[in-house]
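Student: Structure of the sequence below:
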Amino acid sequence: MQPTPPSTHSLHSPHTPPTTHPRPNRLASTLPWLALVATAAIALRSAEPTATDPTPSPTTSPDTSPPIGAILPFAGPSSSIPGGPWMLCDGRTLSTSEHHALFAVIGHAWGQGRDRNEFRLPDLRGRFVRGVNHDADDALRDPDRDLRGPSAPGGNTGNEVGSLQEDAAGPHVHPLSGVADAIGQGHGAEWIRFHATKVPDDSAPVLSNSALIQPPGPAETRPRNVYVNWIIRVR
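Tutor: Numbers count the residues shown, from 1 in each chain. Purely as a prediction, here's the structure:
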């Protein structure tokens, strides 16, 4: 008798499906490690300063406050000027030792006090501010830059910061009317003698008008302006 070959289903019942073993997912098992490596790389990258990335680190912020010696217009009254780093530009005297940081910036440009150990703040009360001419040489800048004087004793002169220029009226023309051949002095500008040859009276005196050319009211020549308080950062 021939032996019966073993059945392939001898280990399973007719109603039980064969047992299968799932293949291990290697990608899923490595994902946590990949995420950890990527996180570490990003952290190291953000910590390294690069020459091509000018963006400051989130832990530091640039100083955007005005530097010591900066002058700003202040729209409030002098009683509302914030204390501490700010003072009114009123020409007051300060000690070089107590305000050494400010003195290192402006020195005696705006004047000195009783001696070299004191210096003055800019005095901008009732004054216009003009930029230093430096080497600008066109006629529309400051043709009298070298004639400027100190704003306070011991201060800068000439083409330097802190120098002062007094008020003046530049060259201009006024229309005048008169009698060319007047002999007598007469009254007012109408009788000013214009001819240097003194025609027709060669012995007549040369007359001049001493009346001030000034419209009634204003005491100065000025542009339209508004008031502000000029303040300076001292520390």
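Student: where exactly do the helices run in the protein?
Tutor: 26-47, 100-106 (DSSP state H).
Student: which one of those helices has the lowest average pLDDT?
Tutor: Ranked by mean pLDDT, these bottom out at helix 26-47, with a mean of 55.
Student: List the residues that contact Arg130.
Tutor: Arg130 makes contacts with Asp142, Gln165, as judged by Cβ atoms under 8 Å, 6 or more residues apart in numbering. In short, each C-beta sits where N, CA and C put it, glycine included.
Student: confidence score at it?
Tutor: So Arg130 comes in at 95 (pLDDT).
Student: likewise Gly158?
Tutor: Reported pLDDT at Gly158 in the predicted model: 97.
Student: Surely it and Asp144 touch.
Tutor: No: under the criterion of Cβ atoms under 8 Å, Gly158 makes no contact with Asp144, lying 10.2 Å away.
Student: Stretch 143-152 spans what distance, first to last residue?
Tutor: Length of stretch 143-152, first residue to last, Cα to Cα, to the nearest Å: 22 Å.
Student: in that stretch, what's buried?
Tutor: Arg145, Arg148, Pro150, Ser151, Ala152 (16 or more other Cβ atoms under 10 Å).
Student: Against Thr64, how distant is the third one?
Tutor: This points to Pro150. Separation of Pro150 from Thr64 (Cβ to Cβ, to the nearest Å): 34 Å.
Student: got it, and the first one?
Tutor: In this structure, Arg145 and Thr64 are 33 Å apart, going by Cβ to Cβ.
Student: Just the strands from this protein, written as ranges.
Tutor: Along the chain, counting by DSSP state E, strands occupy 71-74, 86-88, 93-95, 118-120, 149-150, 163-164, 229-233.
Student: would you list these in JSON lines and tack on distance to Gly170?
Tutor: As requested, those are exported to JSON lines (distance: least, Cβ to Cβ, whole Å):
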{"stretch": "strand 71-74", "distance to Gly170": "27"}
{"stretch": "strand 86-88", "distance to Gly170": "32"}
{"stretch": "strand 93-95", "distance to Gly170": "35"}
{"stretch": "strand 118-120", "distance to Gly170": "30"}
{"stretch": "strand 149-150", "distance to Gly170": "18"}
{"stretch": "strand 163-164", "distance to Gly170": "18"}
{"stretch": "strand 229-233", "distance to Gly170": "26"}
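Student: looking at those strands, which is closest to Leu140?
Tutor: Nearest of the strands of the chain to Leu140, taken as Cβ to Cβ: strand 163-164 at 19.2 Å.
Student: one step back: tell me which of the buried residues of stretch 143-152 is nearest to Asn133?
Tutor: Arg145 (4.2 Å).
Student: That closest one touches Gly158, doesn't it?
Tutor: Yes: using Cβ under 8 Å, Arg145 is in contact with Gly158, at 6.9 Å.
Student: any idea of the pLDDT on Ala169?
Tutor: Listed pLDDT for Ala169 reads 82.
Student: so what's it up against?
Tutor: Contacts of Ala169 (Cβ under 8 Å, 6+ apart): Thr221.
Student: And it, how far from Asn133?
Tutor: Ala169 sits 20 Å away from Asn133, going by Cβ to Cβ.
Student: Where does pLDDT dip in this structure?
Tutor: 1-60, 174-216 (pLDDT under 70).
Student: and if we set it to 90?
Tutor: Across the chain, the ranges flagged by pLDDT under 90 are 1-64, 82-84, 137-140, 167-222.
Student: how many other residues sit next to Thr64?
Tutor: 5 (other Cβ atoms under 10 Å).
Student: so what's the backbone phi/psi at it?
Tutor: Dihedral angles of Thr64 (phi, psi; degrees, to the nearest 10) stand at phi -100, psi 10.
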